[in-house]
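Participant: Give the three-dimensional model of this entry:
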Amino acid sequence: MPKASAREIAARPDLFDCIGRRKNNTGGGVWWTRERVLGAMLRFYLDHENYAPLSDHTWHQLQRFTGSSSSPETNPYPAYSQVLRYWPSFREAWRAVELRFGIEVKGLNRYWEEWSAEEDWFILESVGLIHRSEVAQFLKRSPGAVKRRLYDLGVDSRTKAPWGWTINNICHHAPGLSQNTLRDYLFRGEIPYLRGYRSYYIEPSDLVGVIDEIDWAAHPAISPELERAIRRGLMARAVCAIAGVDWRARRPQKFQPIYQRRTQRPTHVAEGDIVAVNESGHFARDLRGRTGNLLKIYWSNVGYSAGLYQKHSSEPQWMARVSFRKARQGYSERKRISYHLPLSALKRADRHEQWINRTLLRERDENGRWTNEGVAA
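Facilitator: Predicted structure coming up:
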């Protein structure tokens, strides 16, 4: 619901009935009640061209000598002591004016105000999910103040967010894992994650048994900090399982597949084998029947390059990086070249093809002797 402007509020005299239009206080008691203070502050805001002082000294300089006498009934605005009687600060008083009359007080900020427990809870719940500028606008503070408060609380949206570990942080503690590889696991729906406004948050215990690039049997494969986080997550699962509670329902991370899930990895060839390209493939370059060294097998979500392998569709599938000896030796010093081909277009080379491949890889060194260096180059 949009807020009404200050002029629209001023055009409604029924909202100012609570002010008390300079009439005698025949009923006794306190003249400046909460409602009268709110109405007088709104009148002050309109009379001073949408200016809202935030200090009691500024309010006193503008409020004094505005009445005909010292009696409160003859003063259009209350003293600063009457305002601070109902609210701890003028910022809170102007916030009450906004809520009471549905207007937006211009120039209202909370730059030097103490942080409350509710504000700390809000910024902790929104860290990494809502942009810092939006949080500052809602709390009427500066983005720098929100950043400083997160620093004081020991929270970092990139490394120490309460929603989990980011991709960058995990790859930093697991040297054998790249960010693109981990991101592919997320987008294939193999690892649950929570998407923030900048980062993806992952529970470290969900990596166990899923990431093939990490040797979980090797002790120095990951950092001790990541290992402790994984142990805490697994112990939390065990506690929930003993209590009969679904541990997955309590976590904010969910499976959100974008790519197609990986199929079972083919086993007819392996990394390090000498492979031959099938004769039935439709290649743009003359690769049919050539032999090379299979360097890496990986799952590709974008299919294969149309420049190397002609096909109408490019559905996700298993790919391989194969190193071939250059058919033509140009100005480059490198004697081999690598192509990315579909794994289905490769087969294990027979003995004759392997002998041909090793023979082509033989080169003479500086002394004129034959060597097989560069097989896996």
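
Participant: drop to CA atoms for contacts and neighbour counts, all remaining ones
Facilitator: OK.

Participant: isn't residue 253 right up against residue 204?
Facilitator: No: the pair residue 253 / residue 204 is not scored as a contact, 11.1 Å apart, by Cα atoms under 8 Å.

Participant: how about low-confidence regions in this structure?
Facilitator: 1-29, 68-70, 111, 160, 219, 279-286, 302-314, 327-334, 355-377 (pLDDT under 70).

Participant: how about the strands in it?
Facilitator: For the chain, the strands defined by DSSP state E cover 165-166, 194-195, 200-202, 274-277, 291-300, 317-325, 336-342, 346-348, 363-364, 370-371.

Participant: TSV please, covering those and showing distance to residue 61 and mean neighbour count.
Facilitator: Below are the strands of the chain laid out as TSV (distance: least, Cα to Cα, whole Å; neighbours: other Cα atoms under 10 Å):
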stretch	distance to residue 61	mean neighbour count
strand 165-166	53	24
strand 194-195	51	20
strand 200-202	52	24
strand 274-277	89	24
strand 291-300	71	21
strand 317-325	76	22
strand 336-342	77	18
strand 346-348	87	19
strand 363-364	93	14
strand 370-371	94	12
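
Participant: Reformat those into CSV and put distance to residue 123 next to each item.
Facilitator: As requested, the strands of the chain are exported to CSV (distance: least, Cα to Cα, whole Å):
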stretch, distance to residue 123
strand 165-166, 18
strand 194-195, 17
strand 200-202, 17
strand 274-277, 56
strand 291-300, 39
strand 317-325, 43
strand 336-342, 47
strand 346-348, 54
strand 363-364, 65
strand 370-371, 64
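
Participant: tell me the phi and psi of residue 140?
Facilitator: Phi and psi for residue 140, reported as degrees, to the nearest 10, are phi 60, psi 50.

Participant: what about it, how many neighbours?
Facilitator: 14 (other Cα atoms under 10 Å).

Participant: Leaving out chain neighbours, which residue sits closest to it?
Facilitator: residue 109 (5.1 Å; Cα to Cα, 6 or more residues apart in numbering).

Participant: Show the contacting residues for the one you found.
Facilitator: If you count contacts by Cα atoms under 8 Å, 6 or more residues apart in numbering, residue 109 has them with 91, 140-141.

Participant: same deal with residue 99?
Facilitator: Here residue 99 is in contact with no residues (criterion: Cα under 8 Å, 6+ apart).

Participant: Against residue 38, how distant is it?
Facilitator: With the distance defined as Cα to Cα, to the nearest Å, residue 99 ends up 10 Å from residue 38.

Participant: go on, residue 64?
Facilitator: Counting by Cα to Cα - residue 64 and residue 38 are separated by 18 Å.
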